[in-house]
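have a look at this prediction, sequence included:
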Amino acid sequence: MTARDWEAYGYTVLVHEGHVYLFRPNLEVGYTTEERGDTWMRHLNLNRVPWRFIDFRKYPEVLARFRKLRTLAAA
């Protein structure tokens, strides 16, 4: 699935420093995997490798980027 597809499912998508992050804004949790070109798009089941669950509150730099993205999108 593309970033637009994931966004249709309610995730905000961020590609940063070699990783793809899928963020659930209301919960501040989501999933991450290595970017590796477009190969991440082939993995649809977030509960299986290569995706892993992440609590973004433990990663304030990434969480700040998501908040900034959401602010820009709302403007």
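Structure's in. What do you need?

for residue 55, which non-adjacent residue is closest in space?
Ranked by C-beta to C-beta, 6 or more residues apart in numbering and with sequence neighbours excluded, the top spatial neighbour of residue 55 is residue 29, at 5.2 Å. Just so you know, the C-beta spots here come from the backbone N, C-alpha and C atoms, and that holds for glycine as well.

shaky segments in the protein?
Flagging of the chain using pLDDT under 70 yields the residue ranges 75.

make it 80
Within the chain, the stretches with pLDDT under 80 are 25, 70-75.

contact partners for the residue nearest the centre of it?
For the chain, the residue lying nearest the average C-alpha position, counting by C-alpha atoms, centre = their mean, turns out to be residue 22 (1.7 Å). Going by C-beta atoms under 8 Å, 6 or more residues apart in numbering, residue 22 touches 6, 11-13, 30-32, 46.

now do 6 Å
Contact partners of residue 22, counting by C-beta atoms under 6 Å, 6 or more residues apart in numbering, are 6, 11, 13, 30-31.

only whichever of the residues you listed are buried, select them in ChimeraX.
To isolate the buried ones among the contacts of residue 22 in ChimeraX, judged by 16 or more other C-beta atoms under 10 Å, type:
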select :6,11,13,30,31
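
so which of the contacts of residue 22 are in helices?
residue 6 (DSSP state H).

the contacts of residue 22 in strands, which ones?
13, 30-31 (DSSP state E).

and the helices in the protein?
3-8, 60-74.

which one of those helices lies nearest to residue 36?
Between residue 36 and the helices of the chain, the tightest spacing by C-beta to C-beta is seen for helix 3-8, at 14.8 Å.

what are the contacting residues of that closest one?
Residues contacting helix 3-8 (C-beta under 6 Å, 6+ apart): 13, 22.

what does stretch 60-67 give?
In contact with stretch 60-67 (C-beta under 6 Å, 6+ apart) are residues 12, 14, 23, 56.

ok, and the most crowded of these?
residue 23 (25 neighbours; other C-beta atoms under 10 Å).
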